[in-house]
Structures are given as C-alpha cells and as structure tokens.
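Chemist: model this:
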Amino acid sequence: MSPTTLPAGPEHGHVTFLGAGPGDPGLLTLRAVEALGHADVLVAEHEVLDVVRVHARPGVAVVNTDTDPSGGSDPGTGAPQLTVVDGASTTARGPAERDAAHLVMQAARGGRRVVRAVSGDPGLDTYAAAEMLACVAAGVPFEVVPGIAAAVGVPAYAGVPLRDAEGADVRFVDARTASDRCWTEVGASDGTVVVSTSLDSVAAAAGELVSAGRKPDTPITVTVGGTTTRQRTWTATLGTIAQTLKQAKVLPSPEGGRPVIAVVGERSAAAQREQLSWFESKALFGWRVLVPRTKEQAASLSDQLRSYGAVPHEVPTIAVEPPRTPQQMERAVKGLVTGRYEWIAFTSVNAVKAVREKFEEYGLDARAFAGIKVAAVGEQTAKALIAFGVKPDLVPSGEQSAAGLLDDWPPYDPVFDPIDRVFLPRADIATETLVAGLIELGWEVDDVTAYRTVRASPPPAETREAIKGGGFDAVLFTSSSTVRNLVGIAGKPHNVTVIACIGPATAKTAEEHGLRVDVMAPEPSVHRLAEALAEFGTRRRAAAVEAGEAVTRPSERRPGARRRRSTT
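Modeler: Numbering: from 1, shown residues only. Model (predicted):
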C-alpha cells in the first residue's frame, strides 16, 4: 500500500515533504501528484503554490507561508495566510505562528494529512530539514518525495550539460550562503560549477570565482526563469558576464533579485548550448497566444500550443444558451427514444452537451442511442461523444467539416435503411450546407435548434488593453464569428499581432475588419491551425538567426515597425 493512502494517526496526522521542481508544472513526479491528491492541508510558498495546487483535491486547506501579498517584507517573514478553497479564511498571527515548522505541526493536528511543498528538492531546501526534525520531536510521522532540483533541471532546460564523456567534477554552490573557503575550493577546481544566485549578484559571484583562481575567459551561462516560458539564458565569460547583462538591459533591474542558475566551466561552452538549446528554441517559445474560445473548447488546442512553448490565453467570444423555444428539442429527443430516426449528426461539442443535458433532464443515458447511427463532424466532437459513452459510427475521413461529413455520408437506401430521417441538433446560426447535402442524398432532416450562441461578455480591462496595445504575439481565429465577436467585445488586435485563421472564409472576415492575415491553416482544423502558426514561428526564428539578429517575439517589435505580409 502506498504511504499516502495509509490512515493517518488520530492526533499527529502525517506530513509529506514534497519537491515541486524548478517551475515547470510538468516536472512534478507521479508520486508527488499522488500525495497531493490525498492531502487535507497544503503548505507552500507562493512561487510553488500554483504548480501543486492544481493536483490537490477540492476543498483542501491551503497555507501560504509567504508574507501577506499586500506587504513588502521578504517571503517567510510576514503573517502566513490560511485560505480554504470554499472561501473561508483566517490569518495566523504572532511570532511563533510565523514559523513554518509550527504551521506544519498545527496543520497536522487532528489526524490530517499535510503536504509541505518546497521549490526544487526538499533535500536542498534551506529549512526543510529543520521542519523534519520538528516532526520527529513532535512524534509526527513524515515522508519525503524528492523533486527535480533547480541546479539540475534549469541547466537541462537551458541546453547546458553538466557532465560529458570525460566525467568532469560538478560542484554546486549557493552564492547566498557560500563562505570564502567554499569559493577557494571551487576556484581551485577545473570542474563544472553550478551557482545558485540572484540576477543582481551574478557579477559578484563571477568575481569571486576569478579571485579564487578561475580564468576570466572561463565560459559561463546564466539562466533566469528556468524551465518556464519566461526562461532566458545568456552566454559569456566570467570576465564579460557583467557587460553582457548590462547590454541586455537586465542589470540593474527592479527584479534583479530573481533567482538564477549560472553554470561555469569549459565543458559548458557556448558552442554546446547553441546546439543543445532545445527549450528556448521552440517554435513559439514565450509567445502569448490569444485563443478566442472557452477553456473547455480550447483545452486540447491550448495543450498543443504549450508543446510549442507558447503561453495560451483563452478568451471566450461566444456564450451558449438554451433555445428560446425548447419544445422542438424535447420532441426530437423523445423521437430519438421512440425510433423516429436512423441517424443523429453532431456538428459541435456544444451540440453533444445540449443533447446530454436534455438526456439527464429526462433520466436517460447513452443506452438511448441503441439502434441509432451516430455521426460526428470531427475528432473533438467524437471525443465528447465517447466521454458520454457513445462511439460514433461516422467521422469524416478527410476534411473535418460539414462538407467532409457529406463526402462520407451514405445515400438513403430504402432496402437497407428502415427509417429515412436524420436528427440534426445544431446552433441557431448554423449554415444550411449539411441540411441541403443530406436532403440531396435522399434523407429527411429534422433540423433542430439545440442551443443559441450569443456574444460573450467583454474580457477584463487588462486583457482588452493587451489585445489593442500589442500585448499578444498571436491570435487564433477559428471561425468568422470569433473574429466579429472578439472585435466587438475587446477591440481590434494591434498590428504587430500575428493573425492566424482556420480557413478562407474566416480570413475574409478578418480582412473585412482591417486585419492582415499572416497564417492560414492548410485545412479547417484547429490543430492544423496551431501547426501552421508553429511553422510560421519556426521560419521567423530561422530568418532572424540567418540575418544575425536577436530572436524576438512579435510583441517585442519596435513601436511603429511595419509587419511583413506572410505568404503562408
């Protein structure tokens, strides 16, 4: 039996010290996710809270060991906040209650399971050992779930191998606590040194290494925001890193205290990083991409964009509401049960949802589809049906659209088809392409309004400003209505924003609204649209590298810079 599933003691509870990794949520271990799913209380600093909280169960109590967000003191020195997901909250006060070990002990009382999450790995955390000793003293059982340490994970994401075939020594130094003796030892070594420091202390750390005996021309890489889409890496030498950061305008900076990982040594040379920089060279690395769809609709698309290094931002442009007159839908669902239809055709995920909700209203389930052939317009609609317990009989083999569905739809045959009627639950604004095509194939069609699409509410003011002010690098338009509605509720995207459209009709609507279309999908599929945008980003990056220019995102272009029209 797994330790996280063992019953906790009635008084002392149980504590899991968990490494949340260096920043990328995907680096959490399976063991960590399991422990989070069983936690009653989650204790974490602000920088790891978002990474681990998503895997905790609903209603988990969350203890933030940082200072009050409105305060200005350093993390860990202010009043910790206890917030319960259901909205109740309390604030622990007093010197003893500011101690993280005390918070962990308090949280474990009453037999509760506590997950104490730290950045990186618990074994390298400054205070985790003291908290474990406090557990021992209080008789609270605990376990440790290791995580990926920043000193190892960040260089891997920066394309900087720490060891090669020659097996050079690797030394790890925390510049914030390193003694003169520590610097002397690593300075005398010719191995690789991994330095944990802050952005405004990099030059000082480089100076310490030179003073300790390292040559000024020793290569160094400095990575900030490691393993996240904010990651940036600079390559220089110990003698030139201060000037390199100054020219890059990262020092001095209000955010100079941000933690960084610096790798020093001959075997971490720039030539290796240029070949091995797999993360920062992703097609859309760091791009903020606007996806005008709901989170439910955009889930797989957003995951695909993240795989290219992008940061998707979902903004719903339409809202779905029940039909004004539900009687037609009610009659059709009853007809479905009584054998009125040979086929039912779903042209969207929303149509599946509308029928499913009506089924639940009547106490029906997927068994009501027995004996009825089911068609889905594309993969996403098919997945929604499968989640409902229905495997579609027909999904277009080619283009995922009404036209593609008609290409594969069989004509009505009175010999083999006992019933000649098709149930088509759709939106109120759907086109007549599918209805006309089915009639031409000899079928009778009950074209039923299953839901209405209305313009969504405007997004928050900061999102509207980002759209109009060039804060987004690209926007994906998946239909003409998304163009019209986005412009209507948020304004026209800035001219530096890359405009990507799913097809010619959508592109025409975008141009009618004064937008220049840069990317168009080779076929009407949201995933092919994302692929086309990634290909655009790859070409753009390659052109900048070939020209000897810095690789920038579209939103980083100089004010007034003209956009080149894409030929995609």
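Chemist: mind listing the strands the helix or strand hosting residue 114 pairs with, and their directions?
Modeler: Secondary structure here is read from DSSP states H and E; on that basis residue 114 sits in strand 113-118. If you go by DSSP bridges, strand 113-118 pairs up with strand 14-19 (parallel), strand 41-44 (parallel).
Chemist: got the end-to-end distance for stretch 43-57?
Modeler: According to CA to CA, to the nearest Å, stretch 43-57 extends 14 Å from its N-terminal end residue to its C-terminal end residue.
Chemist: buried set for that stretch?
Modeler: Taking 16 or more other CB atoms under 10 Å as the neighbour-count basis, stretch 43-57 is seen to contain the buried residues 43, 44, 45, 48, 49, 51, 52, 55, 56. (Each C-beta comes from the backbone N, C-alpha and C, glycine too.)
Chemist: same list, those, but as TSV with secondary structure please.
Modeler: Supplementary listing: those in TSV, determined by DSSP: H, G, I helix; E, B strand; the rest coil:
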residue	secondary structure
43	strand
44	strand
45	coil
48	helix
49	helix
51	helix
52	helix
55	coil
56	coil
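Chemist: can you tell me the closest non-neighbouring residue to residue 365?
Modeler: Spatially, and ignoring its direct neighbours in sequence, residue 365 is nearest to residue 359 (6.5 Å; CB to CB, 6 or more residues apart in numbering).
Chemist: OK, contacts around that neighbour?
Modeler: Residues counted as contacts of residue 359 (CB atoms under 8 Å, 6 or more residues apart in numbering) are 333, 365, 368.
Chemist: so which of the buried residues of stretch 43-57 is the closest to residue 110?
Modeler: The closest of these to residue 110 turns out to be residue 43 (CB to CB; 15.1 Å).
Chemist: can you tell me how far residue 523 is from residue 395?
Modeler: Between residue 523 and residue 395 the distance is 15 Å, computed by CB to CB, to the nearest Å.
Chemist: what about the two, which has more around it?
Modeler: residue 395 (19 against 15; other CB atoms under 10 Å).
Chemist: isn't that one up against residue 374?
Modeler: No - with contact defined as CB atoms under 8 Å, residue 395 does not reach residue 374; the gap is 9.7 Å.
Chemist: thinking again about what came up before, between the buried residues of stretch 43-57, which sits nearest residue 447?
Modeler: The closest of the buried residues of stretch 43-57, once distances to residue 447 are taken by CB to CB, is residue 55, at 43.8 Å.
Chemist: flag the shaky bits of the stretch 451-568 of the chain, pLDDT-wise.
Modeler: Scanning the stretch 451-568 of the chain with the threshold set as pLDDT under 70 gives 558-568.
Chemist: what about the helices in it?
Modeler: Counting by DSSP state H, counting those that start in this stretch, the stretch 451-568 of the chain forms helices over residues 461-469, 480-490, 504-512, 526-546, given from the N-terminal end onward.
Chemist: any buried residues in the longest one, and which?
Modeler: Spelled out, that is helix 526-546. Along helix 526-546, the positions that meet the burial threshold by neighbour count (16+ other CB under 10 Å) are 526-534, 536-537, 540-541.
Chemist: same question for the second one.
Modeler: By 16+ other CB under 10 Å, the buried positions in helix 480-490 come out as 480, 481, 482, 483, 484, 485, 486, 487, 489, 490.
Chemist: so who does the nearest residue to the fifth one once chain neighbours are set aside touch?
Modeler: Distance criterion CB to CB, 6+ apart; nearest residue to residue 484, sequence neighbours excluded, is residue 509 at 6.6 Å. With contacts taken as CB under 8 Å, 6+ apart, residue 509 has the following neighbours: 477, 480, 483, 484.
Chemist: one more time with 10 Å, if that's ok
Modeler: The contact partners of residue 509, by CB atoms under 10 Å, 6 or more residues apart in numbering, come to 477, 479, 480, 481, 482, 483, 484, 487, 501, 515, 517.
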